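1. Build me a structure from this.
(one chain, ligands or ions: 1)
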Amino acid sequence: MDNSAPLKIQRDPLASLMGDAASMQSFQEFYASTNDLMSCYRCAIMEIETKFRVLDERFSLVHDRNPIDNIQSRLKKPQSIYEKLMRKQLPITIKSVENNLFDVAGVRVVCSFVDDIYMLADCLLQQDDITLIKRKDYIQNPKENGYRSLHLIVEVPIFLQNEKKLMKVEVQLRTIAMEFWANLEHQLRYKKELSPQIIAQTSERLQECARLSSVLDSQMQDIKDMIENA
Ligand code: 0O2
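-> Residues are numbered from 1 along each chain as shown. Next comes the predicted model:
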């Protein structure tokens with residue numbers, strides 16, 4: 001979340017197409033205009049994190065256990081935002097970020113059990129200041145590589161000195177097993193340029209690991225249900 005880090009533009013095909021100097025100037029102009037927006041996204045992350053912490057606290061009071069294992073948040077860096085706008089051929093403006101990019105602010109909620117994911121998602125979406133923009137259920141419909149998580153894009157109000165602003169936040173809910181798989185898969189190959197041969201060799205094994213993690217989740221859920229109903 002450090003916006004004061006020195007600027008370093010990586011060379012990419014788009015940059016060379018535009019010419020590096022032009023690209024650098026365009027990025028610097030954009031970067032200079034993002035301070036206020038980034039602060040608003042940080043506020044939105046705080047709002048969403050607090051909502052989940054409140055839900056966790058209230059649930060633990062009644063059920064004597066915490067549905068949330070941990071919460072992680074991240075704010076996309078201006079350089080990544082700029083690159084995504086360029087890649088999608090969208091206008092390089094603050095308005096364009098707000099209207100077109102829904103994953104600038106991200107909150108990841110890691111849960112103990114699969115049922116907790118849906119319970120927490122329902123509780124969040126029932127709140128009258130939250131608007132659901134998009135829901136992708138990669139648990140019911142895992143991605144081809146085996147990736148599982150529940151993704152929600154929500155809009156949450158933040159209250160500034162003299163105004164109320166609606167901000168979009170990407171919420172990812174997953175179990176500890178899904179998190180384990182996603183982290184390792186990300187480290188191993190996600191977004192990396194690998195040879196087709198290595199991709200073929202590893203993707204089947206990663207799919208198998210994803211299947212095993214899904215079996216683990218459903219077994220743990222069954223055990224919990226059995227203990228609770230005993
Ligand atoms: P980071 O660094 O985690 O932020 P778009 O919104 O167009 O970029 P899309 O396909 O609509 O993309 O988004 P989707 O499918 O909702 O997934 C976005 C995020 O989910 C990714 O963010 C990852 O965090 C996570 N994700 C999706 N697919 C995979 C996957 O196959 N493996 C892993 N490990 N994570 C995945 P970013 O911005 O790509 O990365």
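
2. Close to the ligand: what parts of this structure are there?
-> 103, 106, 136, 143, 145, 147, 151, 182, 185-186, 190 (C-beta under 6 Å from any ligand atom). Glycine gets a C-beta too; all of them are placed from N, C-alpha and C.

3. Which pair of those residues spans the longest distance?
-> Gly106 and Asn145 (19.7 Å; C-beta to C-beta).

4. what about those two, which has more around it?
-> Remark: of Gly106 and Asn145, Gly106 carries more neighbours, 19 against 15, as counted by other C-beta atoms under 10 Å.

5. residues of the top helix by length along the chain that come out buried?
-> Within the chain, and with DSSP state H defining each element, the longest helix by residue count is helix 196-229. Residues 203, 206-207, 209-210, 213-214, 216-217, 220-221, 224 are the ones in helix 196-229 that count as buried (16 or more other C-beta atoms under 10 Å).

6. Would you list the strands that the longest strand seen in the chain pairs with, along with their directions?
-> For the chain, the strand with the greatest residue count under DSSP state E is strand 164-175. Under the criterion DSSP bridges, strand 164-175 sits next to strand 105-111 (parallel), strand 150-159 (antiparallel) in its sheet.

7. what's the helix or strand following that strand in contact with?
-> Going down the chain from strand 164-175, the next helix or strand is helix 176-188, by DSSP states H and E. Around helix 176-188, the neighbours that count as contacts under C-beta atoms under 8 Å, 6 or more residues apart in numbering are 69, 108, 110-112, 139, 145-149, 174, 202, 206, 209-210, 213-214, 216-217, 220.

8. Can you add pLDDT and give the residues of the chain next to the ligand back as TSV?
-> What follows is these, written out as TSV (pLDDT from 0 to 100):
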residue	pLDDT
Asp103	96
Gly106	98
Lys136	98
Lys143	96
Asn145	91
Tyr147	96
His151	98
Ala182	96
Glu185	90
His186	88
Tyr190	62
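
9. Three-state assignment for Ile139, please.
-> coil (DSSP: H, G, I helix; E, B strand; the rest coil).
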